[in-house]
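K.L.:
Sequence and predicted structure below; questions after.
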Number of protein chains: 2
Amino acid sequence: MLFEFRDMIDPAKLPKRRKYLNYYLLGFTDGEGCFSISIKKQSDTRYGWVVDPVFHVTQHKDNRVILELFKRVLGCGRIIPKPGQEEKILQYVVDNRRHLSEKVIPFFKKHKPIAKSKEFEHFCRIVEALENGEHKKAEGLKKLIIMAYDLSDERKHNVEEIIQEIERRAGASETIR
Amino acid sequence: MLFEFRDMIDPAKLPKRRKYLNYYLLGFTDGEGCFSISIKKQSDTRYGWVVDPVFHVTQHKDNRVILELFKRVLGCGRIIPKPGQEEKILQYVVDNRRHLSEKVIPFFKKHKPIAKSKEFEHFCRIVEALENGEHKKAEGLKKLIIMAYDLSDERKHNVEEIIQEIERRAGASETIR
């Protein structure tokens, strides 16, 4: 039995082995988790926009223990009230890029998403590109934003306008230079 | 590798062992599945109401393979377009009571829900009670309906009205008898 979790849950309620728990969490993620890439306006950055990868799992506060299991197994992240639904809904969130690339991604490369395989693949490519600093040049940043929009088009901002702003700012900084 | 699923998915995309796949499906169920008890008006039955346990998992049609995995592993059920969202959403449904008690319930007694443990426990008790014919008497039916309402109160019908109708019909049939 998984006694290492006994401070949060009766181990009899858990799968018997750590490996089984890992696959349980994989299945839970494939159903309820999200490898999301948000594109945020941030005027004080060079190009005005940032690419922000976040892994999160949402759950009713009655099931907080599931989010605690994620936090313990992945060894990172935090549990917060879900913005806008603070009363009832919690979210397990990992947005620290080092934690994403050193903890979350390796876990899901070992225990591969099925339903969210494409979403996860994009997520890995974007985190890796950010780790390589590709977003520091206008071309790289534009490529990442377009990739994120390909993955999900339910977005607040219009991609053409973002690209135009990046190009305008890149042009301005060229001129200054 | 799980070659027995190669007609529906590349086995390289699946967990390596059947046991891992079982825990994956458990996790998926704990996130996205539903052990539901619907209470339906059915005027041509003795008391006018029936208790209908259904296990279902909902998923976008792009992820049909997940539902196929459930169907294959549990060895029962069917995949249908979700009523009202036929275009995009599919549902894996098991509503046959024998399949619920001989296949679905034993699977989840072996691979126990964590987030949905209470929901599953109620589900088992209700299926078992139906198997024992407890719903055939007015008292038993009332007890089952109250138990279902305790589990979830997001329901169309008012429980007092249902109970009153059962009692009225039970009283009428007593008088006739």
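P.N.:
That came through fine.

K.L.:
Once you drop chain neighbours, what's closest to A:L90?
P.N.:
Using CB to CB, 6 or more residues apart in numbering or on different chains and skipping the chain neighbours, the partner closest in space to A:L90 is A:K61 (5.1 Å). The C-beta positions use only the backbone N, C-alpha and C, and glycine is treated the same way.

K.L.:
So the one you found is in contact with A:Q85, correct?
P.N.:
No - look at A:K61 against A:Q85 with CB atoms under 8 Å: they stay out of range, at 9.8 Å.

K.L.:
so where's chain A uncertain?
P.N.:
A:153, A:173-177 (pLDDT under 70).

K.L.:
Kindly recompute the last result at 90.
P.N.:
A:83, A:85-87, A:147, A:149-158, A:170-177 (pLDDT under 90).

K.L.:
from it, which residue is nearest to chain B?
P.N.:
A:G27 (2.6 Å; CB to the nearest CB).

K.L.:
That residue: how many residues sit nearby?
P.N.:
For A:G27, the neighbour count with other CB atoms under 10 Å in any protein chain shown is 31.

K.L.:
Same question for A:E139.
P.N.:
A:E139: 11 neighbours (other CB under 10 Å).

K.L.:
can you tell me the helix or strand for it?
P.N.:
helix A:138-151 (DSSP states H and E).

K.L.:
Check which element follows that helix along the chain.
P.N.:
helix A:159-176.

K.L.:
chain center to that next one: distance?
P.N.:
27 Å (CA atoms, centre = their mean, to the nearest Å).

K.L.:
could you say what helices and strands that helix packs with?
P.N.:
With contacts taken as 3 or more CB pairs under 8 Å, 6 or more residues apart in numbering or on different chains; DSSP states H and E, helix A:159-176 sits against strand A:49-60, helix A:138-151.

K.L.:
For the first one, name the packing helices and strands.
P.N.:
It stands for strand A:49-60. Applying 3+ CB pairs under 8 Å, 6+ apart, one finds that strand A:49-60 contacts helix A:18-32, strand A:33-41, helix A:64-74, strand A:89-94, helix A:117-131, helix A:138-151, helix A:159-176.

K.L.:
For that strand, which strands pair with it and how are they oriented?
P.N.:
Strand pairing for strand A:49-60, using DSSP bridges, gives strand A:33-41 (antiparallel), strand A:89-94 (antiparallel).

K.L.:
Could you look over those strands and pick the most buried one?
P.N.:
Using mean count of other CB atoms under 10 Å in any protein chain shown, the stretch among the strands paired with strand A:49-60 with the greatest mean number of neighbours is strand A:89-94 (a mean of 19).

K.L.:
picking up where we left off before, point out the most buried one among the helices and strands packed on strand A:49-60.
P.N.:
Comparing the helices and strands packed on strand A:49-60 by mean count of other CB under 10 Å gives helix A:18-32 as most buried, with a mean of 23.

K.L.:
Just the residues contacting that helix, thanks.
P.N.:
A:2, A:14-15, A:57-59, A:66, A:69-70, A:73, A:107-108, A:110-116, B:15, B:19-21, B:23-33, B:66, B:114-115 (CB atoms under 8 Å, 6 or more residues apart in numbering or on different chains).

K.L.:
what do you get for stretch A:98-118?
P.N.:
Residues contacting stretch A:98-118 (CB under 8 Å, 6+ apart): A:22-23, A:25-26, A:29-31, A:33, A:35, A:53, A:55, A:73-77, A:94, A:119-120, A:123-124, A:127-128, A:131, A:151, B:9, B:13-15, B:24, B:28, B:59, B:63, B:65-66, B:69.

K.L.:
show me what contacts the residue nearest to A:L90?
P.N.:
With CB under 8 Å, 6+ apart, A:K61 has these contacts: A:K88, A:I89, A:L90.

K.L.:
hang on, isn't the first one packed against A:Q59?
P.N.:
No - taking contact to mean CB under 8 Å, the distance of 10.0 Å between A:K88 and A:Q59 leaves them out of contact.

K.L.:
out of those two, which sits in the busier spot?
P.N.:
Taking other CB under 10 Å, A:K88 and A:Q59 do not tie; A:Q59 has more neighbours (22 against 10).

K.L.:
Which residues are in contact with the more buried one?
P.N.:
A:E32, A:I66, A:L67, A:I89, A:L90, A:Q91, A:Y92, B:A115.

K.L.:
Quick check: A:V104 vs A:V57, distance?
P.N.:
Between A:V104 and A:V57 the distance is 11 Å, computed by CB to CB, to the nearest Å.

K.L.:
correction: A:N63
P.N.:
Relative to A:V57, and taking CB to CB, A:N63 is found at 10 Å.

K.L.:
if we can go back for a sec, mind putting the contacts of A:K61 in TSV, distance to B:G171 included?
P.N.:
Shown next, in TSV, are those (distance: CB to CB, whole Å):
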residue	distance to B:G171
A:K88	41
A:I89	45
A:L90	48
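
K.L.:
returning to that earlier point: of all the helices and strands packed on helix A:159-176, which one comes closest to B:G171?
P.N.:
B:G171 lies closest to strand A:49-60 among the helices and strands packed on helix A:159-176, at 40.7 Å (CB to CB).

K.L.:
Output that closest one as CSV - backbone C-alpha positions only.
P.N.:
Provided in CSV are the C-alpha atoms of strand A:49-60 (Å, rounded to 0.1, in the frame of the first residue of the first chain):
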residue,chain,number,x,y,z
TRP,A,49,2.9,39.7,-25.9
VAL,A,50,4.0,36.6,-24.0
VAL,A,51,3.4,32.9,-24.4
ASP,A,52,2.5,31.2,-21.2
PRO,A,53,2.3,27.4,-20.9
VAL,A,54,0.3,26.1,-17.9
PHE,A,55,-0.6,22.6,-16.8
HIS,A,56,-3.8,22.5,-14.8
VAL,A,57,-6.4,20.2,-13.4
THR,A,58,-9.7,21.5,-12.1
GLN,A,59,-11.8,19.9,-9.5
HIS,A,60,-14.6,20.5,-7.0
